[in-house]
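S.K.: quick one, fold the following:
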Amino acid sequence: FYYIMEDMNFQAQVLQDSTIFAQYGQSTFLTICREIFSMKFAGIIAEYDPFHNGHAAQLAAVRAAGADCVAVCLSSGAVQRGGVPILPESVRVRAALGAGADIVIALPAPYACATAEQFAAAGVHLLAALGCDTLAFGAETPDAAALLDAAQLLLSGEINALIRKKLATGMTYAAARADAAETLRPGMGTLLRTPNNILGIEYCKAILAQGAALTPLALPRLGAAHGGGAGEHGGTPMASASYLRGLPLPEWTAFVPAGAAALYAKAAAEGLLLDSAKFEVAVLTQLRMQPPENFAQLRGISEGLENRLAASVRQADGLDDLYTRLKTKRYPHARLRRLVLDAALQFPAELPMPPYLHVLGAKKSALPRLKCAALPAGTALAKLVQTGPQAAEIGRLHSRAVDFSSLCREKIQPMGLAFTAKPVVI
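M.R.: So this is what the prediction gives:
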């Protein structure tokens, strides 16, 4: 029989090979079908905190691969490292549009500061709903087929018993998973030990699990490793976002596009950058004001970690001290940072998939694509939250995070910006 493939630019009927479909399932079949056609509408999931030369090179590479339109699903209100963005949202949106993106949608805060699996699943869900046919991402191993194979193994259930066995020895989940994969598929464990590959595999898992009509496009990281120092590619200085966040703003200049540097300088002059001291006080205040029983309801809580958090909150004299008190061999630092932010913002353990497409910015030529979106879409969050109870709840949680972030700027910003900030349209 025929499987109908539709997107905003073409419709085709593809004769379905029943053997392929039976052996690999609908998700893999869709991926094969998509590879028959040229890429038209690519998506990227990112934080851009800050947007730098490597990000600009990635956008250029996606264009060179044939994308007519590029959408960015941008972390909004929070970031995955368990904090709030250094740069305000509008600055990151303008930097992306100025470097070649066509439309920027929000990854709402409750998903933006989630685990890699939840972060990836939400981003894939939103870009698929927007109509993208390709998901582009950086990887230490830019081999989409290998990353898809790893994703398939992790989804198969074959690996779970071995992971549990290794966890029982005191290993972290990430280490146990990598070791288990290596045992079952020699060589695959290496893929699960580098940060961009790990996230890329999570993207592939989400594509397969959701049956999303997205073809993964794995691109090499250029010039600088994630979390590493400075480098260069083709004569262009390169540095990771994490490296730049550790430098004073004036030292970013060589590593970011000129247009972005101007945006950053203007934001700094207006007092819109993150004030780490205010963030620390705000987080600790929120934690100390809550009854300890609230902590038991957080996502990722297990093995009595809520009791450890409650005790640590009572004693900690700063965030670094809090993270140190929480640290154990089992729980990596990044997980604890996210746990603390979840507790401060009172994010619930269970969330639906993002129920709307909130457009933060776009080129006017890209806006017609919203007409074909599979979710409610628009630039006004106030209207989107009226589309259903789940939309109302996610909008409320997202707004709480944006208000919290606004409190942590060098110059404190007003409440309600999630609803009142104007979209960037160029």
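S.K.: would you list every one of the helices in the stretch 1-150 of the chain?
M.R.: Remark: helices assigned in the stretch 1-150 of the chain by DSSP state H, counting those that start in this stretch are 18-36, 53-64, 89-98, 109-112, 116-130, 144-156.
S.K.: want to throw those into CSV with mean pLDDT?
M.R.: As requested, the helices of the stretch 1-150 of the chain are exported to CSV (pLDDT from 0 to 100):
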stretch, mean pLDDT
helix 18-36, 42
helix 53-64, 96
helix 89-98, 98
helix 109-112, 98
helix 116-130, 98
helix 144-156, 96
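S.K.: to F404, which of the ones you listed lies closest?
M.R.: Closest to F404 of the helices of the stretch 1-150 of the chain is helix 109-112 (CB to CB; 8.7 Å). For glycine as for every other residue, the C-beta is placed from the backbone atoms N, C-alpha and C.
S.K.: quick one: closest of the helices of the stretch 1-150 of the chain to G361.
M.R.: Across the helices of the stretch 1-150 of the chain, G361 has its closest neighbour in helix 89-98 (4.0 Å, CB to CB).
S.K.: what sits up against that closest one?
M.R.: 46-51, 55, 59, 72, 74, 76-77, 85, 104, 256-257, 259-260, 263-264, 266-267, 272, 360-363, 402, 421, 424, 426 (CB atoms under 8 Å, 6 or more residues apart in numbering).
S.K.: select only the buried ones of those in PyMOL?
M.R.: Burial among the contacts of helix 89-98 is assessed by 16 or more other CB atoms under 10 Å; the matching PyMOL selection reads:
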select buried, resi 46+47+48+49+50+51+55+59+72+74+76+77+85+104+256+257+260+263+264+267+272+360+361+362+363+402+421+424
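S.K.: the contacts of helix 89-98 in strands, which ones?
M.R.: Among these, the residues falling in strands (DSSP state E) are 46, 72, 74, 104, 360-362, 424.
S.K.: picking that back up, quick one: closest of the helices of the stretch 1-150 of the chain to Q286.
M.R.: Using CB to CB as the measure, helix 109-112 is the one of the helices of the stretch 1-150 of the chain that comes nearest Q286, at 14.2 Å.
S.K.: which strands and helices lie in contact with the closest one?
M.R.: Secondary-structure packing of helix 109-112 (3 or more CB pairs under 8 Å, 6 or more residues apart in numbering; DSSP states H and E): helix 116-130, helix 389-407.
S.K.: out of those helices, nearest to F137?
M.R.: Across the helices and strands packed on helix 109-112, F137 has its closest neighbour in helix 116-130 (9.3 Å, CB to CB).
S.K.: close enough to count as contact, A213 and D133?
M.R.: Yes. Between A213 and D133 there is a contact under CB atoms under 8 Å: 6.5 Å.
S.K.: neighbour count: those two, which is higher?
M.R.: Neighbour totals were compared for A213 and D133, and D133 leads with 24 against 19 (other CB atoms under 10 Å).
S.K.: separation between the more buried one and L322?
M.R.: As for D133, its distance to L322 is 44 Å (criterion: CB to CB, to the nearest Å).
S.K.: ditto for A71
M.R.: 37 Å.
S.K.: same question for V70.
M.R.: For V70, the distance to L322 equals 39 Å [CB to CB].
S.K.: on that earlier part again, neighbour count: A71 and L322, which is higher?
M.R.: With neighbours defined as other CB under 10 Å, A71 and L322 compare such that A71 has more, 26 against 22.
S.K.: show me the helices in the stretch 201-350 of the chain, by range?
M.R.: Using DSSP H, counting those that start in this stretch, helices in the stretch 201-350 of the chain cover 241-245, 258-269, 276-288, 305-315, 319-326, 333-345.
S.K.: most tightly surrounded among the helices and strands packed on helix 109-112?
M.R.: Across the helices and strands packed on helix 109-112, the average number of neighbours (mean count of other CB atoms under 10 Å) peaks for helix 116-130, which reaches a mean of 24.
S.K.: could you give the angle of that one to helix 333-345?
M.R.: Orientation check (axes from the mean of the first three to the mean of the last three CA atoms, to 10 degrees): helix 116-130 against helix 333-345 gives 70 degrees.
S.K.: quick one: contacts of helix 116-130?
M.R.: By CB under 8 Å, 6+ apart, the list of residues contacting helix 116-130 from outside reads 41, 43, 45, 71, 73, 80, 103, 105, 107-108, 111-112, 114, 135, 198-199, 202-203, 205-207, 209-210, 212-214, 351, 353-354, 357, 369-370, 373-375, 377.
S.K.: those residues in strands, which ones?
M.R.: Using DSSP E, these in strands are 41, 43, 45, 71, 73, 103, 105, 107, 135, 357, 377.
S.K.: how deep is the last one tucked in, by neighbour count?
M.R.: Summarising burial for A377: neighbours were counted as other CB under 10 Å, giving 22.
S.K.: how about it, what does it touch?
M.R.: With CB under 8 Å, 6+ apart, A377 has these contacts: 130, 356-359, 370, 384.
S.K.: who does it form a beta bridge with?
M.R.: Bridge pairing for A377 (DSSP bridges) gives the partners L357.
S.K.: and the pLDDT for it?
M.R.: Per-residue pLDDT puts A377 at 98.
S.K.: my read: I45 touches C73, true?
M.R.: Yes. With contact defined as CB under 8 Å, I45 reaches C73; the gap is 4.7 Å.
S.K.: give me the buried entries from the contacts of helix 116-130.
M.R.: Buried residues within the contacts of helix 116-130, counting neighbours by 16+ other CB under 10 Å: 41, 43, 45, 71, 73, 80, 103, 105, 107-108, 111-112, 114, 135, 198-199, 202-203, 205-207, 212-214, 351, 353-354, 357, 369-370, 373, 375, 377.
S.K.: and the residue nearest in space to the middle of the chain, how far from A366?
M.R.: The structure's the chain has its C-alpha centroid closest to F119; by CA atoms, centre = their mean the separation is 4.8 Å. Going from F119 to A366 by CB to CB gives 24 Å.
S.K.: same question, R92
M.R.: Note on R92: its distance to A366, by CB to CB, is 17 Å.
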